[in-house]
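J.: Here's a sequence, model it:
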Amino acid sequence: MKNLKNKKLYLQVYEELRAYIVQNNLRPGDKLPTEMEMAKNLGVSRNVLREAIKTLEIIGVVSSKPGYGIVVNSFNSNFLSSVIFLNLIADDIDLVSQSQQVRKVLELGFARQSFESIDEGQLKELEAILTAMQSADTHIDFYTLDADFHKIILRNIKNDVLIAFIDSAWACDRYYRSKFIDDGILRYEKHKRIYDALKARDFPAFQEALMYHFSYNFKESIGVRE
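T.: Residues are numbered from 1 along each chain as shown. Just a heads-up that it's a prediction; the model follows:
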């Protein structure tokens, strides 16, 4: 672990702890050094160290066990998506456009599998979400429904890595869009078009609806020129 006295601490310490786990090939159940040892090695206060450890706990990388210490957890897709998102955090709205590009490529790339695997129960879930979208009071309410809508479509693919990347793209998207006024253009209609294609079992229409859905350009909507 290297000294971080001259660096912005919170996420830097998180990055160092994560790197320590990887470089030392720690496995689920392995212990990290004591707080005193880590704080000394990193050159930071124990309060700053605890903030970084808390971040690792929130995303599921480690757990604190009273009387035993801090141990590494088993891998899960939520951990992967959180790590991806934390590595993207920066003051740069271009990340929203990048996350849209990732989502577009992944959702279109898995379109055939999601189309063929969706069942009647999931179509009913999508229909219920569409109904809720029509009465969503705020941008955040609609945003949550939007995320749920797409996750239902991808659910039966059973690919944890895909879901982790999609979740990180959603997290990035939400993190930045919450700072701006959403235009709301055709939000409901775009999702209704996707649902109608799935309901009709019309794959070309489903592909076209996905393409139409991703035609929205966030940067242009807030007046940022390419």
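
J.: So the chain: which segments form each domain?
T.: 10-74, 92-221 (automatic domain parsing).

J.: can you give me the end-to-end distance of the first one?
T.: Counting by C-alpha to C-alpha, to the nearest Å, you get 24 Å between the two ends of domain 10-74.

J.: now that domain: how far from the chain's centre is it?
T.: 22 Å (C-alpha atoms, centre = their mean, to the nearest Å).

J.: how would you label the most centrally placed residue in the chain: helix, strand or coil?
T.: Here the mean C-alpha position of the chain is nearest to the C-alpha of Ser168 (C-alpha atoms, centre = their mean), at a distance of 2.2 Å. Three-state call for Ser168 (DSSP: H, G, I helix; E, B strand; the rest coil): helix.

J.: Could you provide the domains of the chain in TSV, with additional columns for mean pLDDT?
T.: TSV is the format used below for these (pLDDT from 0 to 100):
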stretch	mean pLDDT
domain 10-74	87
domain 92-221	82
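
J.: Do a quick rundown of the helices in this structure.
T.: Using DSSP state H, the helices of the chain run over 10-23, 35-42, 46-58, 77-88, 94-109, 111-117, 120-134, 139-154, 160-177, 187-199, 203-213, 218-221.

J.: ok, and for the second one, which residues are buried?
T.: Of the residues in helix 35-42, those with enough neighbours to count as buried (16 or more other C-beta atoms under 10 Å) are Met38, Ala39, Asn41, Leu42. From N, CA and C alone the C-beta is placed, and that goes for glycine too.

J.: Was I right to think the second one contacts Arg46?
T.: Just to be clear, that refers to Ala39. Yes. Counting by C-beta atoms under 8 Å, Ala39 touches Arg46, with 4.8 Å between them.
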